[in-house]
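Q: Have a look at this fold, sequence not included:
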């Protein structure tokens with residue numbers, strides 16, 4: 001088995017009984033390479049659309065607790081961005097600032 005074999009059958013669910021350590025290593029390397037490429041492409045796409053903030057950075061910027069930030073996200077006040085295959089949540093700085101301006105506008109009225 002080589003990397004080309006892996007690329008032909010990336011989702012093959014067939015059980016492999018006779019497998020050398022080298023073949024297993026190549027197979028695992030192929031899986032890791034595909035996942036890293038997907039992650040890198042997604043991260044590049046997201047970062048090109050503005051600065052990304054973590055949940056903690058966003059909460060600090062808005063001077064609120066993480067549970068409050070989660071409530072705002074659930075209510076749709078602020079839209080979060082995720083990375084496929086990851087449980088991490090990010091916020092685009094421009095959208096956070098826009099939501100803050102809109103919220104301040106509501107308070108001042």
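A: Structure's in. What do you need? The structure presented is a predicted model; accordingly, all values stated were derived computationally and were not measured. Residues are numbered from 1 along each chain as shown.

Q: Report the mean per-residue pLDDT for the helix or strand hosting residue 37.
A: Assigned by DSSP states H and E, residue 37 belongs to helix 21-48. Over the span of helix 21-48, the pLDDT mean works out to 78.

Q: elements contacting it?
A: Where contact means 3 or more C-beta pairs under 8 Å, 6 or more residues apart in numbering; DSSP states H and E, helix 21-48 is packed against helix 3-8. No exception for glycine: its C-beta is placed from N, CA and C like everyone else's.

Q: Quickly list the domain ranges of the protein.
A: Following automatic domain parsing, the chain resolves into domains at 3-47, 51-108.

Q: any chance of those domains in JSON lines, plus mean neighbour count?
A: Shown next, in JSON lines, are these (neighbours: other C-beta atoms under 10 Å):
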{"stretch": "domain 3-47", "mean neighbour count": "11"}
{"stretch": "domain 51-108", "mean neighbour count": "14"}
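
Q: Lowest average pLDDT across those?
A: Among the domains of the chain, domain 3-47 scores lowest, at a mean of 73.
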